[in-house]
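> need a 3D model of the following:
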Amino acid sequence: MGTWSTYLIPESVQLQPEHYLATVKSALQKFGIIGERQYGDNPNCFSAGPQSLDPFENEIGWKTGFEYCSLYGNSRIEVVPQDPSAEPKCPCCTADVHEQYYEVVNGGEDDQELDYESATITCGACGRSSRLDQLKDDVGIFLTTTYINFDDVPGRLRTDWLAKFKAETGITHRLLEYWYT
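This next block holds a predicted model:
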């Protein structure tokens, strides 16, 4: 058994990260996708709202659209995906580099922020050094200052809902759907 995790990354961010965060949070709450209640300790992580199923194809009869929704808008670069769903390979020789990747992504002390923008992975097979976002993955690995993540979703995101969300926010998002176990 596994889990689908859906990310929306703005294709072109004209807004400051904090304004992006406020814009998408407002739209998601207006549509009833996220609730008012915080999920866990992160103030930008929300429980499912009463209309949380609306964005997703729901072929398996779920009662909510996701376990939680994380919103990120900060000047500090983050790596996407945040969950253990990437299967990174060297862009030169396609050797598996997931162990090195997860050491970097999960590394650092709790009070130390990781610098994903300058982090590199060196392939054990060919010796090439690559930035995280240069690694090969079926969906991709991205560095960004803004994103939306719906974790543990019942199905694929509906394109008509994404168009409605764009109309409300004025922001075009790239859709990324990851599977992990």
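> find the nearest non-adjacent residue to Leu28, please.
Leaving aside its chain neighbours, Leu28 sits nearest to Ile34 (4.5 Å; criterion: Cβ to Cβ, 6 or more residues apart in numbering). C-beta: built from backbone N, CA, C; applies to glycine.
> ok, the one you found to Lys89 distance?
Distance of Ile34 to Lys89, given as Cβ to Cβ, to the nearest Å: 34 Å.
> now do Phe165
Distance from Phe165 to Lys89, by Cβ to Cβ: 32 Å.
> would you map the helices across the protein?
Remark: helices assigned in the chain by DSSP state H are 17-30, 98-105, 159-169.
> which residues touch stretch 93-112?
79, 84, 86-90, 114, 116, 119, 121-126, 128, 132, 135-136 (Cβ atoms under 8 Å, 6 or more residues apart in numbering).
> what mean pLDDT does that stretch have?
Computed over stretch 93-112, the mean pLDDT rounds to 84.
> now the longest strand along the chain against helix 17-30, angle please.
Taking DSSP state E as the criterion, the chain has its longest strand at strand 68-80. Between strand 68-80 and helix 17-30, the angle comes out at 150 degrees (axes from the mean of the first three to the mean of the last three Cα atoms, to 10 degrees).
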